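In: pasting the structure only:
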């Protein structure tokens, strides 16, 4: 049994964090890479998962599989990552509307109806 000193106190664990990292890193990485489809960010997030696991080691329940606990942390980490990246990819609606044909703007619905009616009549 190893003893790890974390800022919040001393915690006794059955495995070293290094052995846990080597045993589960591939599965955690694969889960993250599948979800975000970006190798570089997946590596970064996988490392973040193990840092979070180390910081919250006292919350780990020995009756729960280690891999499931780590994948749960990975799931939450990916969710946070996707929230942040989706905010960065926000495109104002005005930019999208400017790309659309003027006939499809709500203010031109009567013109659109006339245009489509004339096309159907030909």
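Out: Done, it's in. Since the structure is predicted, the reported quantities are computational estimates derived from the model, not experimental observations.
In: in this protein, spot the helix with the most residues.
Out: In terms of residue count, the longest helix belonging to the chain (DSSP state H) is helix 66-88.
In: check which helices and strands that helix sits against.
Out: helix 17-36, helix 39-55 (3 or more Cβ pairs under 8 Å, 6 or more residues apart in numbering; DSSP states H and E). The way it works is simple: take the backbone N, C-alpha and C, and place the C-beta from them, glycine included.
In: redo those as CSV? Include mean pLDDT.
Out: Listed next are these as CSV, based on pLDDT from 0 to 100:
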stretch, mean pLDDT
helix 17-36, 93
helix 39-55, 95
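In: now do the longest helix of the chain: everything it contacts.
Out: 15, 20, 24, 27-28, 31-32, 35-36, 41, 45-46, 48-50, 52-53, 56, 60-61 (Cβ atoms under 8 Å, 6 or more residues apart in numbering).
In: check stretch 47-54 too.
Out: By Cβ under 8 Å, 6+ apart, stretch 47-54 touches 4, 6, 17, 20-21, 25, 28, 32, 60, 69-70, 73-74, 77.
In: buried members of those residues into PyMOL, please.
Out: Buried subset of these, written as a PyMOL selection, criterion 16 or more other Cβ atoms under 10 Å:
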select buried, resi 20+21+25+28+32+69+70+73+74+77
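In: among the helices and strands packed on helix 66-88, which is nearest residue 65?
Out: Among the helices and strands packed on helix 66-88, helix 17-36 comes nearest to residue 65, with 10.2 Å by Cβ to Cβ.
In: buried residues, that closest one. List them.
Out: 20-21, 24-25, 28-29, 31-33, 35.
In: follow-up on the earlier one: could you give me the average pLDDT of the longest helix of the chain?
Out: If you average the pLDDT over helix 66-88, you get 91.
In: can you give me the buried ones in that helix?
Out: Across helix 66-88, burial judged by 16+ other Cβ under 10 Å covers 69-71, 73-74, 77-78, 81.
In: now swap in stretch 40-49 and tell me
Out: The neighbour-count check on stretch 40-49 (16+ other Cβ under 10 Å) flags 42, 45-46, 48-49 as buried.
In: would JSON lines of those with distance to residue 115 be doable?
Out: Output for these, formatted as JSON lines (distance: Cβ to Cβ, whole Å):
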{"residue": "42", "distance to residue 115": "48"}
{"residue": "45", "distance to residue 115": "49"}
{"residue": "46", "distance to residue 115": "54"}
{"residue": "48", "distance to residue 115": "53"}
{"residue": "49", "distance to residue 115": "55"}
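In: thank you, goodbye.
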